[in-house]
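Peer 1: the following block contains a protein sequence and its predicted model.
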Amino acid sequence: MSTWRRVTNLFRVNGLNREIDEELQSHVAEAIANGRDPEEARRAFGSSLRHREASRDVRVGVWLDSLRSDAIFGLRQLRKNKIASIAAVLSLGLAIGSCMAAFRLIDAVLLRPLPVANADRLYEAPRHAVLKNESFTYNSWSYPLFKEIRAGVKEQAELIAASDSEPMDLTYKSDQDVERAQVQYVSGWMFPSFGLRPKLGRLLSENDNVQPGGHPFAVLSEDYWKSRFGEDPSAVGRTFRMGDRVYEIVGVIDGKFTGTEPGKMVDIFIPVMMHPGVTANDWGWLRTLVILKPGAAEEPVRAKMEVITRTLETQRMNGATDSMPQDVRDAFLNQQVWLEPAASGASDLRTGTRRPLAILGVLVILVLLIACANVANLMTAQASARAREMALRVSIGGGRWRLVQLVLVQSACMALLAAALGALFAWWAAPFVVGMINPPDNPARLLLPADWRVLGFGMVTALGVTLLFGLLPALRASAVNPVSALKGGEDPHARRRLMHSLIGVQVAFCFLVLFVASLFVATFERLSHVQTGFSAKGVLALDTVAKHAQPLEYWTQLVDNLRHLQGVEAVGMSDAPLLSGGNWSNFISVDGNPPNGISTCMRRVSPGWIDTLHIPLLDGRDFLPQDSQPGSVLVNQAFADAYFDGKSPVGRRFDIVFSGNSHMHVQAVGMVGNVRYSDLRQPFVPQLYLPFRIVGDDGKVQDMGGAELLVRTSNPNPILLAQFLRDQVPRGRPEFRVSRIRTQSEIILSHTVRERLLATLAVFFSVVALLLAGIGLYGVLHYYVMQRRREIGIRIAVGAGAANIARIVTTDAFVVLLIGSLAGLVLGMASARFMEVLFYQVKASDPAILVLPAAILFAVTLLASIPAVIRAVRIDPASMLRVE
Amino acid sequence: MPPKSDALQGSLDLLVLKILSRRSPLHGYAIMSAIQDISAEVLRVEEGSLYPALHRMEEAGWIRAQWVTKESGRRARVYELTAAGRKQLGAEESRWKAVAAAVNRVLREA
């Protein structure tokens, strides 16, 4: 209580002084009233200032008071050296801000627990297999398998099925008002298991998890309810159409829960029973989340899940594993189930960005350290200017710790100012970076609240930074020897050594940042110039759906109609656009031999598709309208290489082996050029194209519910045609509808989002680091010349040339540059191994990659030393010697 | 925790606490006059040490201060004893008695 009052008194010192004065005056008045001589009473009292001091010390606490006066003094010092202080605060602010922004991202993606009960007991169960010494992790499970595993571990754990959320088109009123919402399919019992409560209506439960297709209910997230319905309670009970079904909104979640994937904020939750793949045992579409029951151990649950998985997967393959190549079969049969803690959720963003975010964090810390070294140098230089002041303080009795406190408080003032600036920067930068990670079509949405975690992190950073850059100069300044300092001379070398080593550290870190940046830039550069094998220019991809499955002729008519529109050059149809991530592959058996272990990626395309994408036809012919499945296929060059020793397979017959060991006999009618199938980084894979005309066992052609229409336009900016095409598609038959339009270029670009982000940020940080290092070098050289101007003056007087002087001034700087660069190089080579997976056709030992940072650093050093050299050469020996 | 105080300060604290235990609340001047009157002008308290002592004891929580407005319209700061102060008074008194007895013994027997 008393300590607290001292602290509060600290901030009302003036009021306190007045109070003390008033009390003393009332005393004197009382004395006079009692008949004492006014003069005498006042004299007896002595100096009121002295009383005030004595009483104030008691009531405020000496230490706190000194802290306050140090802070005021520190701020005054900062104001005195305006330019230097602004430079220091800005550079620190930028660095602290980058740190805070990086922390906000890392916290949102990796650290912050989901707002659910049991987050600490929440795990994700991915599967893991090793094939040809490469390990594969896959997160997707089929629902029948999930159901069996859940039943198997019921005693120890609750399992939750959750699909990856997807943006879906839905309509609340007419079919023309399509809007988009993020939808996730979840087990009904997820809500009670997570301890979630409804704000309105009800949430889903076990009862919504019984009949496939029988629970057309939806639960909204509170966030979506607020933004879409403006908190209208009548939202509950409304219906919407999604795909070919109508769903009823039954409730709104209370609280911040927006799904189990950080990076995606789910608007609408739907029971898994409504997913089209809920009964298919060969369609993996859900993630398995595990909540361990209290007291249950992790390992037995994992082992049990693994046993059930292996048994059921073997059963499912129904003997097909026998015809698999040995290593593939081993990998399949020995698949492992892992349990990974998922307190903060499970998503691709999480696994995909863990390493980039870690690297980003390290880069940011390096920049922060560079900024700290800079400010430390600045403070050291300042301290030398203040050596006399310090010496005076020591001689009139200032204790060492008192002086350390003085300098540290000044550092803290600077750090706090910088932290405030940094907070502003982070507030702007974090959402900006999230915006950059996004494929434009499917934005990642992160909750980035400026809560106590961020605040705490900022405070800790500011404090750590204060100690980092303030302590050394503070100790040094306080170690001043009053006699020598007041006489005007002290050992200048010690200070210079400190400054040089700080510059060395800066150079090393700067080199490291530049090195990493050039690796990422080279990776991005190489990835964005990868040959895709087709032309994306002017191509639009229209996800087109029909309310009910339509005969193939109708789809063909639709394609023909579009083809004749103004501005359209060609139209093709496929099941999914290239490089959109969809992956469908099977083995091939030639001449009745068992498959050779190389799988073929499949795509279904219409006649004219290869022309639309400008894929060259190497041999044979394109599909004709009458080509059907089973029967004709197209293959690519890589297919010929993999199964026919590079000879054209046109006219040859072979079998496609589907899972479950069913074969389909087909004949290649054409061979086309290689294209990237699902990943830019992968080499070209064998590919096979099937026709859309699927003839069933009864001889009838199957109807189709949806397809991807690829439209090549003559417009260099094809997205301008989007609305026009959206309107044209339902014109012929109102059953057809475009659910989403992307450009093919944008689909390709989304593959390099991570690389672009890393490259951009790394370049940004390099520029900051270079700027800081340049300023630091300039400051040190400037200080150096100032200190040695007497000596330089004498040298000039006795006839030293400009070159000679320049050499004297800059030799040390270049030695430091050399040592720092070498250290940076060693650090860079050591850290490159950690980042290797993120590189594409780039090696850390690439000479260009090594030379570039060194050259840039050299140039910056040269630039930074020019002003100091000019100043040194211009020293006028006559006036310099006269001053002395 | 009472601060270490020299003998003079110790006795000043004791006197102030004792006065306040008899009649309170009192302002600074009244405390000073009371000590002077009761000790028949033998003990004189310096203003310069009285107020820091009062403020120190206030911070220590032995006494409590309050602003009052007197009939003359002038504000005065009056002090009264707290429970902690009463305990402190007991401790100070017994210490004083011990010291006084010891001094007496030395005077008697030396």
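Peer 2: Thanks, I have it. Residues are numbered from 1 along each chain as shown, chains lettered A, B, ... in the order given.
Peer 1: most centrally placed residue in chain A?
Peer 2: Geometric centre of chain A, nearest residue: A:L357, 5.1 Å, by C-alpha atoms, centre = their mean.
Peer 1: check contacts around it.
Peer 2: Going by C-beta atoms under 8 Å, 6 or more residues apart in numbering or on different chains, A:L357 touches A:102, A:105-106, A:109-110. For glycine as for every other residue, the C-beta is placed from the backbone atoms N, C-alpha and C.
Peer 1: next one: A:L408
Peer 2: A:466-467, A:470-471, A:474.
Peer 1: give me the element residue 95 is part of.
Peer 2: Reading this off chain A. In the assignment (DSSP states H and E), A:A95 maps to helix A:82-106.
Peer 1: my question was about chain B, not that one.
Peer 2: Take DSSP H and E as the rule and B:R95 turns out to sit in helix B:83-109.
Peer 1: gap between that helix and the chain center?
Peer 2: Distance, stretch centre to chain centre, for helix B:83-109: 14 Å (C-alpha atoms, centre = their mean, to the nearest Å).
Peer 1: what is the burial count for the residue of chain B at minimum distance from chain A?
Peer 2: Proximity of chain B to chain A (C-beta to the nearest C-beta) peaks at B:Y29, 3.8 Å away. B:Y29 has 22 neighbouring residues, counting by other C-beta atoms under 10 Å in any protein chain shown.
Peer 1: who touches the residue nearest to it when sequence neighbours are not counted in this structure?
Peer 2: Closest residue to B:Y29 apart from its sequence neighbours, by C-beta to C-beta, 6 or more residues apart in numbering or on different chains: A:E30 at 3.8 Å. Going by C-beta under 8 Å, 6+ apart, A:E30 touches B:27, B:29-30, B:76.
Peer 1: quick one on the thing from earlier: can you tell if the helix holding B:R95 touches chain A?
Peer 2: No. Helix B:83-109 is not in contact with chain A by C-beta under 8 Å from any C-beta of the partner chain; minimum separation 10.8 Å.
Peer 1: next, the buried residues of that helix.
Peer 2: Buried positions in helix B:83-109, judged by neighbour count with 16 or more other C-beta atoms under 10 Å in any protein chain shown: B:85, B:88-89, B:92, B:96.
Peer 1: now the helix or strand bottoming out on mean pLDDT in chain B and helix B:83-109, what's the angle there?
Peer 2: Lowest by mean pLDDT, DSSP states H and E among the helices and strands of chain B is helix B:7-22, with a mean of 79. Relative orientation of helix B:7-22 versus helix B:83-109 (axes from the mean of the first three to the mean of the last three C-alpha atoms, to 10 degrees): 130 degrees.
Peer 1: residues contacting A:N586?
Peer 2: A:599-600, A:602, A:656-659 are the contacts of A:N586 under C-beta under 8 Å, 6+ apart.
Peer 1: about what we covered before: the helix holding A:A95 - contacts with which helices or strands?
Peer 2: Identification of packing neighbours for helix A:82-106 by 3 or more C-beta pairs under 8 Å, 6 or more residues apart in numbering or on different chains; DSSP states H and E yields helix A:62-80, helix A:348-385, helix A:400-437, helix A:452-478, helix A:753-787.
Peer 1: you'd agree A:S135 is in a strand?
Peer 2: Yes. Assigned with DSSP: H, G, I helix; E, B strand; the rest coil, A:S135 falls within a strand.
Peer 1: that one is in contact with A:R127, isn't it?
Peer 2: No. Look at A:S135 against A:R127 with C-beta atoms under 8 Å: they stay out of range, at 11.1 Å.
Peer 1: higher neighbour count, the two?
Peer 2: A:R127 (20 against 10).
Peer 1: give me the beta-bridge partners of that one?
Peer 2: Beta-bridge partners recorded for A:R127 (DSSP bridges): A:Y138, A:V337.
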